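> Here is a sequence together with a model predicted from it:
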Amino acid sequence: MGLRGIVYGGCHGLEIRGPGLRFRHPQASVLRRRIRAAAAVLTRDIPEFPGAHLESKGLALAVHYRGLSPSRRTALHRWVKGVAARAALAILPGKQVWDLVP
């Protein structure tokens, strides 16, 4: 954003930067592997849910379902929960999005 003197937190606090401050979770490389494994499955199979899409956020993933038919949301949520569980990721709900985070 380019604002001076601001501390930025990203990926739900896993990365933080600001004046004189640079933090990345100590296990970021291990966490990134888990995120990549989940992203591979989600990328491969998300076309089965037209109107949903995946966004990679580095140390997190976002499954957006705004365009998905409401009748398919339960099935998508069940599938996302399974992928998250296998990768040991938590799901944080948002406004028509689920964030998968370590």
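Sure, I can see it.

> so what's Met1 scoring on pLDDT?
Note for Met1: predicted pLDDT of 60.

> An error on my part: the question was meant for Pro26.
You'll see Pro26 listed with a pLDDT of 70.

> Centroid-nearest residue for the chain?
Leu61 (1.8 Å; CA atoms, centre = their mean).

> For it, name its beta-bridge partners.
Taking DSSP bridges as the rule, Leu61 bridges to Ser56, Leu100.

> quick one, what contacts it?
Going by CB atoms under 8 Å, 6 or more residues apart in numbering, Leu61 touches Ile35, Ala38, Ala39, Leu42, Leu54, Glu55, Leu89, Asp99, Leu100. Where you see a C-beta, it was placed from the backbone N, CA and C, and this is true even at glycine.

> low-scoring pLDDT stretches of this protein, where are they?
1-2, 11-13, 25, 28 (pLDDT under 70).

> which helix in the chain runs the most residues?
Counting by DSSP state H, the longest helix found in the chain is helix 28-45.

> list the buried ones in it?
Neighbour-count burial for helix 28-45 flags Ala28, Leu31, Arg34, Ile35, Ala38, Ala39, Leu42 (criterion: 16 or more other CB atoms under 10 Å).

> Could you report the distance from Arg73 to Gln27?
For Arg73, the distance to Gln27 (CB to CB, to the nearest Å) stands at 32 Å.

> quick one, which of those two is more surrounded?
Between Arg73 and Gln27, counted using other CB atoms under 10 Å, Arg73 has the larger neighbour count: 15 against 12.

> So the more buried one belongs to a helix, correct?
Yes: checked against DSSP: H, G, I helix; E, B strand; the rest coil, Arg73 lies within a helix.
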